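here is a sequence together with a model predicted from it:
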Amino acid sequence: MTGGVVWITGLSGAGKSAVAGALADRLRRAGLKPVLLDGDAVRSALGARSFGADARRQLAQTYGRLCALLAGQGHLVVCATISLRHEVHQWNRRHLHRYAEVFLDVPFEELRRRDPKGIYRDGDEVVGEDVVAELPLEPDLRITNHGTTSPRAAAERIFAHCAATGWW
């Protein structure tokens, strides 16, 4: 198998980390060895502390370039990140040979109810409210990730989609 990137995006609280973790587990059970890049963990590893518009854009671009580096070496990368910028999605499609963009679509009411980091309560520079979110124009897969949809079920949908397109 050659490298590829499953880019899981959505607003804060959409379940990106949980779905990405479930997908990585599913891939391991299938005998694959994914590299999991969780946006918060990568941000911490890079020492990124700013949440301004330029810093967010630069970090989103860094995620894409890091994915390209790893996928170019034959790794299957699962990246969970907000990175809701059309320019980043377009760059990914141009530069990542095998790329699946997955949008986790969750209503704002549900995001506010979940609010695992308290960002909707604090209301400071929240992507989708205070900061414009450029939702994916043509994601390869849109998953309504609330109600009866579990992270494992969402991961199975992604796994099946990629299998159907010949990834594994």
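Received, thanks.

now do the phi/psi pair for residue 88.
Note on residue 88: its backbone torsions stand at phi -70, psi -50 [degrees, to the nearest 10].

tell me the contacts of it?
Counting by Cβ atoms under 8 Å, 6 or more residues apart in numbering, residue 88 touches 57, 60, 61, 63, 64. C-betas here are computed from N, CA, C, even on glycine.

element containing residue 8?
Take DSSP states H and E as the rule and residue 8 turns out to sit in strand 4-9.

and the residue nearest to residue 76 when sequence neighbours are not counted, how many neighbours?
Leaving aside its sequence neighbours, residue 76 sits nearest to residue 34 (Cβ to Cβ, 6 or more residues apart in numbering; 4.8 Å). A total of 19 residues lie near residue 34 under the criterion other Cβ atoms under 10 Å.

other residues contacting stretch 159-168?
1, 4, 6, 23, 26, 27, 30, 32, 98, 100, 140, 141.

so the second one touches residue 77, yeah?
Yes - in terms of Cβ atoms under 8 Å, residue 4 counts as a neighbour of residue 77; the distance is 7.2 Å.

so which residues of the chain form strands?
4-9, 35-38, 76-80, 99-105, 141-144 (DSSP state E).

what would those look like in CSV with mean pLDDT and distance to residue 70?
Formatted as CSV, those follow (pLDDT from 0 to 100; distance: least, Cβ to Cβ, whole Å):
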stretch, mean pLDDT, distance to residue 70
strand 4-9, 97, 8
strand 35-38, 96, 5
strand 76-80, 97, 5
strand 99-105, 97, 13
strand 141-144, 96, 21
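
and those strands as a markdown table, adding mean neighbour count?
Formatted as a markdown table, these follow (neighbours: other Cβ atoms under 10 Å):
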| stretch | mean neighbour count |
| --- | --- |
| strand 4-9 | 28 |
| strand 35-38 | 19 |
| strand 76-80 | 27 |
| strand 99-105 | 22 |
| strand 141-144 | 18 |
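
sounds good, over and out.
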